[in-house]
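Asker: Dropping a prediction and its sequence here:
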Amino acid sequence: MVLRIPLRRSASFTPDHRPVVEVPSPATLKMEANVLVTGADRVGKSALTVRFLTRRFIGEYGDIESIYSHSLAVEGREILFHIWDDQTDENSTEEKRIQWADGFVLVYSICDRASFGILRSKVQFIKATKEALSQEKVPIVIVGNKRDLHHRRAVSSEEGRLLALSMDCEFYEVSAAEAYHGTLMVFHGLAERIREAKLALKKGTGIRGIVKTMSAVFARKRTDSL
């Protein structure tokens, strides 16, 4: 059975996780997060995304690239996720997808060393693209999927953890096929990184604005004294 998913789908589900509440209070803070889920073929990108959205696991998917919207309340903050399930490897649109995203989920299969091997260059390309847009901190999580297939493991947990540490990324090893909670923690952790990055960017913009204003004032004073 192949699941055909429409280009846009809006979903709202209440996870089995205590800090998450389906209906936020009026005082809840709101944040939007554009998330790109990417990686090699057949590593479980769509399975991970749909598990997060529905708490269900479906093993086979079509090759339709999809964007989902999903509202979630976490610890008093309402987060509206826009999740782009990346099913293409077209270089011409990769930069556009990266520019759109606030955060990234890079998925590999613990049973496929080649899918792990491409991650370092992907992280480097993402960071180079975002830094060109003056974003210093890029929220990225690296996810080793198919943990349930440990008897076919080709990449150790330690290797995944060390790669993430060396690239300043978060690391999770999960089984989208077996459990929902690990998938929830992936997106929960990424949302926290996105929040921190947005706050840092806002503070940095404010500081740059003050410096620019002060520089203009001193320049004007020097001109007046001539």
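Answerer: In hand now; what should we look at?
Asker: can you give me the strands in this protein?
Answerer: With strands called from DSSP state E, the chain shows them at 8-11, 20-21, 29-39, 66-74, 77-85, 103-109, 140-145, 170-173.
Asker: In JSON lines: those, plus mean pLDDT.
Answerer: JSON lines is the format used below for those (pLDDT from 0 to 100):
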{"stretch": "strand 8-11", "mean pLDDT": "41"}
{"stretch": "strand 20-21", "mean pLDDT": "41"}
{"stretch": "strand 29-39", "mean pLDDT": "93"}
{"stretch": "strand 66-74", "mean pLDDT": "86"}
{"stretch": "strand 77-85", "mean pLDDT": "92"}
{"stretch": "strand 103-109", "mean pLDDT": "98"}
{"stretch": "strand 140-145", "mean pLDDT": "98"}
{"stretch": "strand 170-173", "mean pLDDT": "98"}
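Asker: Can you redo those as JSON lines, where the extra columns are distance to residue 159 and mean neighbour count?
Answerer: Every C-beta, even on glycine, is put in place using the N, C-alpha and C of the backbone. Below are these laid out as JSON lines (distance: least, C-beta to C-beta, whole Å; neighbours: other C-beta atoms under 10 Å):
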{"stretch": "strand 8-11", "distance to residue 159": "34", "mean neighbour count": "12"}
{"stretch": "strand 20-21", "distance to residue 159": "31", "mean neighbour count": "16"}
{"stretch": "strand 29-39", "distance to residue 159": "16", "mean neighbour count": "20"}
{"stretch": "strand 66-74", "distance to residue 159": "30", "mean neighbour count": "20"}
{"stretch": "strand 77-85", "distance to residue 159": "26", "mean neighbour count": "20"}
{"stretch": "strand 103-109", "distance to residue 159": "10", "mean neighbour count": "27"}
{"stretch": "strand 140-145", "distance to residue 159": "9", "mean neighbour count": "26"}
{"stretch": "strand 170-173", "distance to residue 159": "10", "mean neighbour count": "19"}
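Asker: For residue 94, which of these is the nearest?
Answerer: Between residue 94 and the strands of the chain, the tightest spacing by C-beta to C-beta is seen for strand 29-39, at 8.7 Å.
Asker: quick one: that closest one to chain centroid distance?
Answerer: 6 Å (C-alpha atoms, centre = their mean, to the nearest Å).
Asker: before we move on, the earlier item: for the strands of the chain, give me a markdown table that also has distance to residue 55.
Answerer: Below are the strands of the chain laid out as a markdown table (distance: least, C-beta to C-beta, whole Å):
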| stretch | distance to residue 55 |
| --- | --- |
| strand 8-11 | 11 |
| strand 20-21 | 12 |
| strand 29-39 | 17 |
| strand 66-74 | 12 |
| strand 77-85 | 15 |
| strand 103-109 | 17 |
| strand 140-145 | 16 |
| strand 170-173 | 17 |
